[in-house]
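**Student:** make a model of this:
(one chain, ligands or ions: 1)
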Amino acid sequence: MFEKLDRLPDDPILGLMAAFRADSAPQKVDVGVGVYRNDRGETPILEAVRRAEQLVFEKESTKAYIAPEGNAAFNAAMEKLVFGNAHSLFATGRMRTVQSPGGCGALRLGAELIRLGSRESIVHVSNPTWGNHVPLVGGSGLRIERYPYYDAATGGVAFAAMVAALNALPERSVVLLHASCHNPTGADLSETQWRELLPVFKRRALLPFIDMAYQGLGAGSAEDAFGPRLFAAELPELLVAVSCSKNFGLYRERVGTLHVIGETPAAADASLSQLTRIARTMYSMPPDHGAAIVQEILASTALSECWVEELSAMRERIVGLRRALVQQLARSCPERDFSFIGRQQGMFSFLGVTVEQARALRECHHVYLTDDSRMNIAGLRDSNLEYFAQAVAHVLM
Ligand code: LMR
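**Tutor:** I've put the predicted structure just below:
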């Protein structure tokens, strides 16, 4: 059976993680995988998470099964976090939520649901998009196509080209959008642009499938959720896949949600029944521990305040690093403009070097970024910014 299988190449992001670990050079810099790091290069467990986890240990009296849709209290708390406490949606009864194994699980659940709705659906993803979007969503059997998104000349969104492409899509197409902190470019839609997209979605009856993996790490929790909140208020149908990996630092615990909004409460109920069947047939139930931690945090004013403070500190560190990196690069590469890095948001930016230069950064300077030159800004430190900028200058020479 297995003799016929081909050996696949490593995942472009996870393979880099392994290569970085194997590198013994003390000066090595990890700007590869999207994991937040502090100025000591560590990804510490958040204080709010530590305290909540303690409460979970004290309160937990059983490890018996919960349900394919997960922990109801966690799901309800996540609806409030994602859409805000007073969203008009809550009065309509049109939203249902399932807990998922991370944001990846939510994306796959959403893709499977779309496929059950219509096998012919085409999912349009931004060009470029996160490296795992196409395998994850396309793995359900749906066809994937790309719409223009990133303008490498400005480091911003190619908005006119994006709108023109969406306007030309067949009606009822599915469009995968990033709520904020676009992965891999860091180029986000402004609030005005989200508003301008709305009539396009209405006119073409497009289904938005929004991936929100970085709520709170861009401009703030409410700001980063502007798009999903607006679309949820204005459109008949919507899917939002949420990850708690980054904003709660719960990566390996696999915590996420999928929110489905149907045109009527009955359509939402039908979607929920399908989602629980999909979960049951793929993995039966999501893991509970991380979700229980998030639920403890969101249920407690003190823990929520502690978490919001820690989340703000992570966000501010990224903003500060972006500014400092622009200054360092201006010093080491004066002939090239890197100011776009300071205008972008979240953990990622494209450095804008060639594949050969990205490989030279790795092989000659022990700087680990993906071949497409995506870098995780949060992987930098005050102490290695200058080294990083000089390495960039060297490969650009
Ligand atoms: C990333 O983009 O690096 C992260 O989301 C981790 C992953 O699973 O790829």
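**Student:** what about stretch 60-71, distance to the chain center?
**Tutor:** 26 Å (CA atoms, centre = their mean, to the nearest Å).
**Student:** how about stretch 31-50?
**Tutor:** Between the centre of stretch 31-50 and the centre of its host chain there is 16 Å, according to CA atoms, centre = their mean.
**Student:** next SSE after the lengthiest helix in the chain?
**Tutor:** Taking DSSP state H as the criterion, the chain has its longest helix at helix 301-332. Going down the chain from helix 301-332, the next helix or strand is helix 340-343, by DSSP states H and E.
**Student:** that next one: what's the following helix or strand?
**Tutor:** Using DSSP H and E, the next helix or strand after helix 340-343 towards the C-terminus is strand 348-350.
**Student:** now do that following strand, average pLDDT.
**Tutor:** Across strand 348-350, pLDDT averages out at 98.
**Student:** distance between the next helix or strand after it and the chain's centre?
**Tutor:** Where DSSP H and E defines the elements, the next helix or strand beyond strand 348-350 is helix 355-365. How far helix 355-365 lies from its chain's middle: 26 Å, per CA atoms, centre = their mean.
**Student:** packing partners for helix 355-365?
**Tutor:** Counting contacts by 3 or more CB pairs under 8 Å, 6 or more residues apart in numbering; DSSP states H and E, helix 355-365 is packed against strand 367-368, helix 385-396. C-beta: built from backbone N, CA, C; applies to glycine.
**Student:** and the longest one with helix 301-332, angle?
**Tutor:** Counting by axes from the mean of the first three to the mean of the last three CA atoms, to 10 degrees, helix 385-396 lies at 50 degrees to helix 301-332.
**Student:** okay, angle between helix 385-396 and helix 355-365 too, please.
**Tutor:** Put simply, helix 385-396 runs at 130 degrees to helix 355-365, going by the same axes, to 10 degrees.
**Student:** hmm, who's touching helix 385-396?
**Tutor:** With contacts defined as CB atoms under 8 Å, 6 or more residues apart in numbering, helix 385-396 is touched by 27, 29, 31, 321, 324-325, 328-329, 331-333, 336, 351, 353, 357, 360-361, 364-365, 367, 380.
**Student:** rerun at 6 Å
**Tutor:** With CB atoms under 6 Å, 6 or more residues apart in numbering as the test, helix 385-396 has contacts from 29, 324, 328-329, 332-333, 357, 360-361, 365, 367.
**Student:** now whatever residue of the stretch 151-300 of the chain ends up closest to the ligand: closest residue in space, sequence neighbours ignored.
**Tutor:** Nearest to the ligand in the stretch 151-300 of the chain, going by CB to the nearest ligand atom, is N183, at a distance of 5.2 Å. Leaving aside its sequence neighbours, N183 sits nearest to W130 (CB to CB, 6 or more residues apart in numbering; 4.3 Å).
**Student:** I am finished for the moment; much appreciated.
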